[in-house]
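A.B. asks: what's the 3D shape of this:
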Amino acid sequence: MKKKETFNNIVEAIKLMDKEEKEDLKNLIEKYLIEERRDEIEKEYKETLKELKEKKLTFSSNIEELKEELLKED
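C.D. replies: Okay, the predicted model is just below:
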């Protein structure tokens, strides 16, 4: 089955649920999204630690240096 058809089937199944089931599903999806975001944050944290250990991170309070650094990354 194609992804679009699967999504449409899910939407139709949700429409048939009663209010309590929809609320339960909503809460479950919200929890899954929170878990995914936590995983993303953890991954970014680990990448940052790695860059810090490899001395790839630079710190500065000079605005011009910061601007230059940001422009280099683009």
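A.B. asks: Mean pLDDT per helix and strand in the protein: which one sits at the bottom?
C.D. replies: helix 63-73 (a mean of 83; mean pLDDT, DSSP states H and E).
A.B. asks: For it, what is the distance to the chain centroid?
C.D. replies: 26 Å (Cα atoms, centre = their mean, to the nearest Å).
A.B. asks: How about stretch 58-65?
C.D. replies: 28 Å.
A.B. asks: in the chain, which spans are helices?
C.D. replies: With DSSP state H as the criterion, the chain has helices at 3-16, 19-53, 63-73.
A.B. asks: Next, format those helices as CSV and append mean neighbour count.
C.D. replies: Any C-beta I mention is one placed from the backbone N, CA and C, and that applies to glycine too. Shown next, in CSV, are those (neighbours: other Cβ atoms under 10 Å):
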stretch, mean neighbour count
helix 3-16, 10
helix 19-53, 10
helix 63-73, 9
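A.B. asks: for this protein, which spans come out with low pLDDT?
C.D. replies: The model of the chain has pLDDT under 70 over residues 1, 73-74.
A.B. asks: most centrally placed residue in it?
C.D. replies: residue 37 (4.3 Å; Cα atoms, centre = their mean).
A.B. asks: Please look at residue 66 and residue 58 and confirm they touch.
C.D. replies: No: the pair residue 66 / residue 58 is not scored as a contact, 9.1 Å apart, by Cβ atoms under 8 Å.
A.B. asks: Just list the residues touching residue 66, thanks.
C.D. replies: Neighbour list for residue 66: residue 60 [criterion: Cβ atoms under 8 Å, 6 or more residues apart in numbering].
A.B. asks: What separation do you get for it and residue 47?
C.D. replies: Between residue 66 and residue 47 the distance is 20 Å, computed by Cβ to Cβ, to the nearest Å.
A.B. asks: likewise residue 7?
C.D. replies: 32 Å.
A.B. asks: now do residue 36
C.D. replies: Between residue 36 and residue 47 the distance is 17 Å, computed by Cβ to Cβ.
A.B. asks: Residue 15 too?
C.D. replies: Computed as Cβ to Cβ, the residue 15 to residue 47 distance reads 41 Å.
A.B. asks: Quick check on residue 56: phi, psi?
C.D. replies: Residue 56 adopts backbone torsions of phi -90, psi -10, taken as degrees, to the nearest 10.
A.B. asks: Perfect, I'm done here.
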